[in-house]
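S.K.: Give me a model of this one.
(chains A and B, ligands or ions: 2)
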Amino acid sequence: MKTSDILQETYWALLSNKARSGLTVLGIVIGIGSVIAMIAIGQGAQGSIQSSIQSLGANLIIVFPGAQRGPGVQASAGRGSAQSLKLSDAEAISRLPEAKAVSPEVSSRSQVAARGTNTNTSIVGVTPSYPGVRNVEVDQGSFFTDAQQRSSEKVAIIGPSVRDDLFGAGNEPVGQVIRIKGSQFKVIGMTKAKGGSGFNNQDDQIFIPITTAQRYLTGNEYVSQIAVQANDEASMASLQSGVTSLLLQRHNIGDAASADFSTMNQADIVAAASSVTGTFTLLLGSVAGISLIVGGIGIMNMMLTTVTERTREIGLRKAIGAKKRDISLQFLAESVALTFLGGFLGILLGGLISWAVARFGNIASSVSASSVLLAFGVSAGIGVIFGYWPARRAAGLNPIEALRYE
Amino acid sequence: MIECQDISKTYVNGPNSTTVLKGVSFSIADGEFVAIMGPSGSGKSTLMNIIGALDSPTDGSYRLDDDDVSKLSDDELADIRMRKIGFVFQSFNLLRRATVLRNVMLPLVYAEVDHEERVRRARQSLIDAGLPEKWHLNKSNEISGGQMQRVAIARALVNDPSLILADEPTGNLDSRTGEIVLSTFQRLNREQGRTVVLITHELYVAEHADRIIHIKDGGILSDSKNPNKRVVHESHEDV
Ligand SMILES: Nc1ncnc2c1ncn2[C@@H]1O[C@H](COP(=O)(O)OP(=O)(O)OP(=O)(O)O)[C@@H](O)[C@H]1O
Ligand SMILES: [Mg+2]
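M.R.: Ligands and ions are numbered 1, 2, ... in the order given. Next up, the predicted model:
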C-alpha cells in the first residue's frame, strides 16, 4: 500500500465521521494547549523571579539569624525568626575590607492606618545605606538620614502600592501621617515603582529607621537579616568567609557547624528560587500532562470504536488482499493524524493562552521553541502509543469472522 | 486450475471439535463455470473459504494454479487473494460512503497499481460487469441492490483474477434481479473465459452453471455436468 493511499484513506475515514473526529481532536488540543501554556507561564515566572532577585542589588551576601541550612530550604521555618544577630554585628561587618556597604534590616508585617483607611503591609526597619545596597530609588521626598536614625525618629518612606492603598493613586503622600501599631509616623518620601508581582511585590513596603523599628515594633535589639555588599564580584567568596569567621568569633562559637546564623550569596538565592520555580513549572506541566493522557485515552477509545464499527470493512479489505501491515498502518495513520492535528491546534491555543495571561494577567510568560517541538513529538507519540493497540486489534482480525460480523 | 485433494476441516472450540469437511477431492479447470450446492450447514462456505485462500484446510492439499495454498502464512494468503481471486458476497460488502468507482479501485490500492491505471481498469471492469458509466461516480449506497452486486462483481474482476468466487450472490436479490446477475456470470464465463465458482443452496440457481458439485455433511454427494443448463438471454440483462 502506497503512502499516498494511506493518507487518502485516513482523510476519507476522518472526514466520514467529522463530529467524532472533532471531539477527539479537541481532547488533544486541550491537553497540548495546557502543557504549552503551563510551561510558558512557569518559565516566565522563573525569568521574572530571577530578574527581580538581580534587582535586589548587586554582589550581595545576606546573613540570616538561625542555623545554617542548604540553599534549597530557603523557606524553612526558623531562619529569620531566630534571634542571634544584632546591629553591632552589622557595624563590625562594615569594618571588613571587602565590604562596600552593609544594610541590616528588621522586618515585620503590620496593620497600617491613615485617615480612616487601612492596609496590611510589610514594615521594614533599615539604615540609610539601604537604598544604595538594594537598588531602591526615592521618587518623592527623601530617605531618612543618619541623624534621624540615631534619634529613632518616627518617619516613614512608603512604597507606591502602599500610597495607592492608603491615599489613592496620584495623591501626594509626603507630609501625611500614618499609624503603625498605634504610633504615628510622618511620611517623608515614596520609593520609585519597581514592579514585581504577587508574593514578590517590592512596592508594597514601608521603610522606617531600624532603631525606630526595634523600639516601637519588635521591642528588642535583634535584626532579621543583614545584607552585605561586596566591592566586586571577585571578592564575594572572601567576603562570605570573612563575615562567617567574624560572626563566629563575635558569638564565641568554635565549630562552624553549630553557627547561630547563616549566610547566603546571591547565586545561592537565585539557585534556590530557580529550584522553587522549577518545581512549580514541573507541577503545572504534569497537571497539564495528565489532561494530555486523558486526551490520548479519548483517541484510543475512538479508535477502538472505529475498529469495531468497521469490522466488516476490515474483513473485506483483507479478503481483497490487504496484509496485516496495511491494516495496522491505516489505523495508526488515523490516530496519528488526529493527534497531529490536535497538537498543531493545541500549540496555537497554548500560545494564545500564554499571550492572554501575559497581556491581561500581568504574569510574564514565554512559549519556547523547545516546548513547541516537545508538544509535536509528544502528540505524535501519543497517536502511536494510543493507536497501537486498536490498530493491532484491527490487523489481527480473522477475515472470515470479520466478514460475518453484524 | 483448482486441485483439492482430500481436504478436511475441523473446528476446535475448547474441548469439543466439529469436523465440517471430511476428505473432499475435486478439481476445476480454467474456464469452467461450477456450482457448489448443498443444504444449509453442509460446509459450502467452509469450502469456499479454503478455495478462496481465506482459510487453510486442517488436512489435505489445495493447489491453485502452481501455488500450494494449504500451508501458507496469513500474509502469503493475502497475496494469493490479491493476485488470483475475486470475491462476490451475498451482502455485497461495499464501502457505503465511497463512490462506485472507488469501491472497484480498492483491490488495486493493495496491488499498488498507479492511479491512472486504476481508474482505467475500474471503469472497464464496471462496463464488463454491466454497470453503465453514468453510475460510476454515484455513492455506493445510492444505487439499487442489483447494481450494488454489479459493483461487487466489477470489484472482483478488476485484478484480473484466475478465479471468481461467489457465495450466494443472489441471496439478497429478488428473483428477476438475481437472474440478471447470474446471466452476467454466464457472460463473463463465456466471453472472457473466467473461471466461476458459484455457491448456493438452491438447485434453480445452481442450474445456471455447467457443472454441479453437490455436497452434504462435509462430503461430495455427486459431481456431474449439468444436463439442463438455464441460459438467460442477453436482452434481459439490464438493471
Ligand atoms: N468457526 C467455526 N467454528 C465452529 N464451527 C463452525 C465454524 N464455522 C462453521 N462452523 C460449522 O460448520 C458447519 C458448516 O458451516 P458452513 O458455514 O460451511 O455451512 P454452509 O453450507 O455454508 O451453510 P449455509 O448455507 O447456511 O451458509 C456448520 O455446522 C457450522 O456450525
Ligand atoms: Mg454459507
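S.K.: going forward, measure contacts between C-alpha atoms and count neighbours the same way
M.R.: OK.
S.K.: Find the nearest non-adjacent residue to residue A:93, please.
M.R.: residue A:243 (6.4 Å; C-alpha to C-alpha, 6 or more residues apart in numbering or on different chains).
S.K.: Over to residue A:280?
M.R.: The nearest residue in space to residue A:280 (C-alpha to C-alpha, 6+ apart) is residue A:42, at 6.5 Å.
S.K.: Could you pull up the mean pLDDT of whichever strand or helix holds that neighbour?
M.R.: Residue A:42 belongs to helix A:18-54 when assigned by DSSP states H and E. Averaging pLDDT along helix A:18-54 yields 86.
S.K.: which other helices and strands contact it?
M.R.: helix A:266-309, helix A:324-360, helix A:369-395 (3 or more C-alpha pairs under 8 Å, 6 or more residues apart in numbering or on different chains; DSSP states H and E).
S.K.: Relative to the whole chain's centre, how far out is that helix?
M.R.: 14 Å (C-alpha atoms, centre = their mean, to the nearest Å).
S.K.: Return the set of buried residues in that helix.
M.R.: A:21, A:24-50, A:52-54 (16 or more other C-alpha atoms under 10 Å in any protein chain shown).
S.K.: returning to what we had before: now the weakest link among the helices and strands packed on helix A:18-54, please, by mean pLDDT.
M.R.: Among the helices and strands packed on helix A:18-54, helix A:266-309 scores lowest, with a mean of 86.
S.K.: ok and it relative to helix A:18-54, angle-wise?
M.R.: 180 degrees (axes from the mean of the first three to the mean of the last three C-alpha atoms, to 10 degrees).
S.K.: orientation of helix A:266-309 relative to helix A:369-395 in degrees?
M.R.: Using the same axes, to 10 degrees: helix A:266-309 against helix A:369-395 is 20 degrees.
S.K.: Helix A:266-309 vs helix A:324-360, what angle?
M.R.: 140 degrees.
S.K.: what sits up against the helix-or-strand element of chain B with minimal mean pLDDT?
M.R.: Least confident helix or strand of chain B, by mean pLDDT, DSSP states H and E, is strand B:67-68 with a mean of 88. Taking contacts as C-alpha atoms under 8 Å, 6 or more residues apart in numbering or on different chains, the residues outside strand B:67-68 that touch it are B:61, B:62.
S.K.: let's go with 7 Å and repeat that
M.R.: Strand B:67-68 has contacts (C-alpha atoms under 7 Å, 6 or more residues apart in numbering or on different chains) with residue B:62.
S.K.: where does chain B dip in pLDDT?
M.R.: B:233-239 (pLDDT under 70).
S.K.: Past the lengthiest helix in it, which element shows up next along the chain?
M.R.: Across chain B, the longest stretch assigned as helix under DSSP state H is helix B:175-192. Helices and strands here follow DSSP H and E; after helix B:175-192, the next one along the chain is strand B:195-200.
S.K.: now the strands for the stretch 151-300 of chain A?
M.R.: A:155-158, A:177-180, A:183-191, A:205-209, A:225-230, A:261-265 (DSSP state E, counting those that start in this stretch).
S.K.: Next to chain A, which bits of chain B? Give me the list.
M.R.: For chain B, the residues in contact with chain A (C-alpha under 7 Å from any C-alpha of the partner chain) are B:54, B:75, B:78, B:79, B:81, B:82, B:93, B:95, B:107, B:109, B:110, B:112.
S.K.: Can you name the residues that contact the residue of the stretch 251-400 of chain A at minimum distance from chain B?
M.R.: The minimum distance from the stretch 251-400 of chain A to chain B, using C-alpha to the nearest C-alpha, falls at residue A:321 (4.1 Å). Applying C-alpha under 7 Å, 6+ apart, we find residue A:321 in contact with B:78, B:79, B:81, B:82, B:107, B:110.
S.K.: Provide the secondary structure category for it.
M.R.: coil (DSSP: H, G, I helix; E, B strand; the rest coil).
S.K.: per-residue confidence for it?
M.R.: For residue A:321, pLDDT reads 94.
S.K.: any idea how far it lies from residue A:333?
M.R.: From residue A:321 across to residue A:333, the span is 19 Å (C-alpha to C-alpha, to the nearest Å).
S.K.: now do residue A:60
M.R.: 57 Å.
S.K.: which of these two has more neighbours?
M.R.: Neighbours per residue (other C-alpha atoms under 10 Å in any protein chain shown) separate residue A:60 from residue A:333, with residue A:60 holding more: 28 against 23.
S.K.: Residue B:183 contacts residue B:232, correct?
M.R.: Yes. Counting by C-alpha atoms under 7 Å, residue B:183 touches residue B:232, with 5.5 Å between them.
S.K.: Of those two, which one has the most company?
M.R.: More crowded of residue B:183 and residue B:232, by other C-alpha under 10 Å: residue B:183, with 20 against 17.
S.K.: what's the neighbour count on the closest residue to chain A within chain B?
M.R.: Of all residues in chain B, residue B:82 sits closest to chain A, at 4.1 Å by C-alpha to the nearest C-alpha. Residues near residue B:82, counting by other C-alpha under 10 Å, number 25.
S.K.: quick one: contacts for it?
M.R.: Going by C-alpha under 7 Å, 6+ apart, the list of residues near residue B:82 reads A:320, A:321, B:107, B:111.
S.K.: Now the second one: phi and psi?
M.R.: The reference is to residue A:321. phi 120, psi 0 (degrees, to the nearest 10).
S.K.: what's the answer for the first one, then?
M.R.: Backbone torsions of residue A:320, given as degrees, to the nearest 10, read phi -90, psi 10.
S.K.: follow-up on the earlier one: parallel or antiparallel, list what pairs with the least confident helix or strand of chain B.
M.R.: The strands beside strand B:67-68 in its sheet (DSSP bridges) come out as strand B:59-64 (antiparallel).
S.K.: any idea of the pLDDT on residue A:404?
M.R.: Residue A:404 is given a pLDDT of 90.
S.K.: just the strands in chain B please.
M.R.: B:2-13, B:16-28, B:33-37, B:59-64, B:67-68, B:85-88, B:163-167, B:195-200, B:211-216, B:219-225 (DSSP state E).
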